[in-house]
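1. Below is the sequence, then the predicted model.
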Amino acid sequence: MNQLTPELLDGQGPFLLVPDVVLLPEGPMHGFAVVVADGCFHAVGQVEEVKRTHPHLDAVPLPGCLLMPGFVDAHHHLTQSFGSALAFGEPSEIFRRVWVPLERALDEESAYVAAKLAALEALRGGFTTVTDAGTRAELDVDVVACATRDAGIRCVLGLVCNDADTHGADTYNAVNNDAVNSNTVDKNASVLDTAEKHLARYEGDHLVHPSLAISIPEAATAATLERTARLAAEARAVVQIHVNEHLASVERSLVRHGLRPLEYLNSVGALGPQLLAAHATLLTPRELTLLADTGTAVSYNPVASAWKGNAVAPATAMAERGIRFGLGTDGTRGDGFRLADAAESAQRLVYGLATGDSSCGAGWTWLEHAAGGGADAVGLAGRTGTVAEGMAADFLLVDVTNPELALSWDLPWELVRRGNRDQITAVFVAGRMRLWRGWPTDWDGPALVEQAVQLARAAVDAAPITRVHSTSVAARKRSTGQ
């Protein structure tokens, strides 16, 4: 790694890169090279063949490097980064007491900095794409688009389309969808008009990809659930909806509709390839069948399940049944390797131990769904997530000379169980180097962190946040009396 410097890879390219290993869908390949130009992979193949077909390019050797696809975060809340630790130890459905108050306290500057801070953490963890599920900050979502674009990360940008009830949309406790009056109809028309404009707004943007979002099924009228699904399908975008995240949300749906959330979404025509169901825990066999039959995608968020959920999505069963899914952080922590590890660990602890399944996806499953599978789930299939000719050059250079990875017997498994963000040398998005050894190459990362510290204190002080649990220091004092 001593021969590799950021200057070798600076600029737009084209580059002919020769790493020690290239991670392709079929596995790690030695003796391969890639050509990066115009933001894409122009060639991927054996070194001598790539050199022969690109004689005008000088090869850049990358000794000790693995070149692999960047991770895709299939579920994030970028404007919540100021309050990440406020959720620790809290019971489920903390949006009522923490997230909604915090986001509503953000102004344009603080929302921009919060989103850019989250983007920086994601890049540091090897994510080249983040999927934002929509902000509750009362401002133009283009603030988030600008933050991610300036940070240099690809973003699937959600626009919240709740319309069942203004108060209910804030708290996810919407009025009965059957009680539609003239005000609701007017609101529905306004939401759909705004949704159409959002989907058209970023046409041609090479980093920002528009998406629609509904907080939970009860936060939108049946008409809006159906029409946003149709709009997204026509635009080849996704609609993001939190589904079956907590037991309370399942019970609300049963009381209100006599149907579980996925059953209700199916009844109003909202299921389909355009739907990205965030969390999708607490699934019945019938709901798994609905997901498989309709082509609906899922964001499997294992760290969120461990930190604040009621269940773990049956991701190994989803993989077996061909259900599309990606891995999401839900804003918990931005480390793609630790997310893949959590995805495998959660399956083993919840499902594998009970059935004697010691493999639980055999390692490769979690890498695949952390990258290419995630890109498919968030509507970017064919654009990113794989090292292949014609795909966006969103990739990582990973040091494989470290003690954790140097003695390699099964690299995909080792990346899942022993990889971490400290091993990432460089992060590329759309063919440009965005990070070198953890920090941006073309903007001041430490200065952003310093700014975020100041703005976060002001935002948290101003927000009417209510926590059930005290800090860990206060809890220790109560427990020990010291």
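-> Noted; the coordinates are in hand.
2. Which parts of the stretch 51-200 of the chain are helices?
-> 100-104, 108-124, 142-151, 166-171, 182-201 (DSSP state H, counting those that start in this stretch).
3. Any idea which of those helices has the lowest pLDDT on average?
-> Ranked by mean pLDDT, the helices of the stretch 51-200 of the chain bottom out at helix 166-171, with a mean of 41.
4. Any chance of a markdown table for the helices of the stretch 51-200 of the chain, columns distance to residue 52 and mean neighbour count?
-> (Each C-beta comes from the backbone N, C-alpha and C, glycine too.) Converted to a markdown table, the helices of the stretch 51-200 of the chain look like this (distance: least, CB to CB, whole Å; neighbours: other CB atoms under 10 Å):
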| stretch | distance to residue 52 | mean neighbour count |
| --- | --- | --- |
| helix 100-104 | 54 | 21 |
| helix 108-124 | 34 | 25 |
| helix 142-151 | 37 | 22 |
| helix 166-171 | 59 | 16 |
| helix 182-201 | 44 | 16 |
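5. And these: which comes nearest residue 340?
-> For those, proximity to residue 340 was assessed by CB to CB; helix 108-124 is nearest, at 14.4 Å.
6. re the thing from before, so which of the helices of the stretch 51-200 of the chain gets nearest residue 8?
-> Per CB to CB, nearest to residue 8 of those: helix 108-124, 19.7 Å.
7. which helices and strands sit right next to that closest one?
-> Contact here means 3 or more CB pairs under 8 Å, 6 or more residues apart in numbering; DSSP states H and E; on that basis helix 108-124 packs against strand 71-76, strand 127-132, helix 142-151, strand 424-429, strand 432-436, helix 445-462.
8. so which of the ones you listed comes closest to residue 16?
-> Once CB to CB is applied to the helices and strands packed on helix 108-124, the stretch that comes out nearest is strand 424-429, at 14.3 Å.
9. where does the stretch 151-300 of the chain dip in pLDDT?
-> 165-187 (pLDDT under 70).
10. Ramachandran angles for the residue nearest to residue 25 when sequence neighbours are not counted?
-> Closest residue to residue 25 apart from its sequence neighbours, by CB to CB, 6 or more residues apart in numbering: residue 386 at 6.1 Å. Per-residue torsions, residue 386: phi -140, psi 140 (degrees, to the nearest 10).
11. care to break the chain down by domain?
-> 6-69+389-440, 71-377 (automatic domain parsing).
12. so of the ones you listed, which one's packed in deepest?
-> Of these, the one with the most neighbours on average (mean count of other CB atoms under 10 Å) is domain 71-377, at a mean of 22.
13. Tell me the gap between that domain and the middle of its chain.
-> Here domain 71-377 is found 9 Å from its chain centre; the criterion is CA atoms, centre = their mean, to the nearest Å.
14. how long is it end to end?
-> 13 Å (CA to CA, to the nearest Å).
15. For the residue nearest to residue 400 when sequence neighbours are not counted, name its beta-bridge partners.
-> The shortest distance from residue 400 to any non-neighbouring residue, by CB to CB, 6+ apart, is to residue 66 (4.9 Å). Beta-bridge pairing for residue 66 (DSSP bridges): residue 21, residue 398.
16. Tell me which of the helices of the stretch 51-200 of the chain sits nearest to residue 408.
-> helix 108-124 (23.8 Å).
17. one step back: mind checking which of the helices of the stretch 51-200 of the chain is nearest residue 353?
-> That would be helix 108-124 among the helices of the stretch 51-200 of the chain, by CB to CB, at 31.2 Å.
18. just the angle between the closest one and helix 445-462, please?
-> 130 degrees (axes from the mean of the first three to the mean of the last three CA atoms, to 10 degrees).
19. Nearest to residue 453, out of the domains of the chain?
-> domain 71-377 (9.4 Å).
20. one step back: does the residue nearest to residue 25 touch residue 69 like I think?
-> Yes - in this structure residue 386 lies within contact range of residue 69 using CB atoms under 8 Å: 5.7 Å.
21. pLDDT score assigned to the residue nearest the centre of the chain?
-> The structure's the chain has its C-alpha centroid closest to residue 73; by CA atoms, centre = their mean the separation is 2.2 Å. Looking at residue 73, its pLDDT is 98.
22. tell me the phi and psi of residue 327?
-> Torsion angles, degrees, to the nearest 10, at residue 327: phi -100, psi 140.
23. so it bridges to which residues?
-> Here residue 327 sits in beta bridges with residue 300, going by DSSP bridges.
24. can you tell me how far it sits from residue 102?
-> Applying CB to CB, to the nearest Å, the value for residue 327 to residue 102 is 25 Å.
25. same deal with residue 381?
-> Counting by CB to CB, the gap from residue 381 to residue 102 is 33 Å.
26. Check residue 333 too.
-> 18 Å.
27. Check residue 255 too.
-> The gap separating residue 255 from residue 102 is 29 Å, by CB to CB.
28. so what's residue 246 closest to, chain neighbours aside?
-> Residue 246 sits nearest to residue 92 (CB to CB, 6+ apart), 4.4 Å away.
29. give the contact list for the one you found.
-> 245-248, 308-310 (CB atoms under 8 Å, 6 or more residues apart in numbering).
30. Equivalent analysis for residue 399, please.
-> Counted by CB under 8 Å, 6+ apart, residue 399 has contacts 1, 64-66, 405, 423-425.
31. Double-check the residue nearest to residue 400 against residue 27; I have them as touching.
-> No - with contact defined as CB under 8 Å, residue 66 does not reach residue 27; the gap is 12.0 Å.
32. any common contacting residues for the two?
-> Common contact partners of residue 66 and residue 27 (CB under 8 Å, 6+ apart): residue 411.
33. Could you report the neighbour count for the residue nearest to residue 25?
-> Residue 386 sits with 25 neighbouring residues when counted by other CB atoms under 10 Å.
34. could you measure residue 426 against residue 138, distance?
-> Going from residue 426 to residue 138 by CB to CB gives 38 Å.
35. helix or strand for the closest residue to residue 27 other than its chain neighbours, which one?
-> Distance criterion CB to CB, 6+ apart; nearest residue to residue 27, sequence neighbours excluded, is residue 412 at 6.8 Å. Using DSSP states H and E, residue 412 sits in helix 411-418.
36. same check, this time on residue 11
-> Applying DSSP H and E, one finds residue 11 in no helix or strand.
37. How much space separates the residue nearest to residue 280 when sequence neighbours are not counted from residue 369?
-> Once flanking residues are discounted, residue 280 sits nearest to residue 298: 4.4 Å by CB to CB, 6+ apart. Using CB to CB, we find residue 298 at a distance of 10 Å from residue 369.
38. swap in residue 391?
-> 17 Å.
39. and if you look at residue 95?
-> 26 Å.
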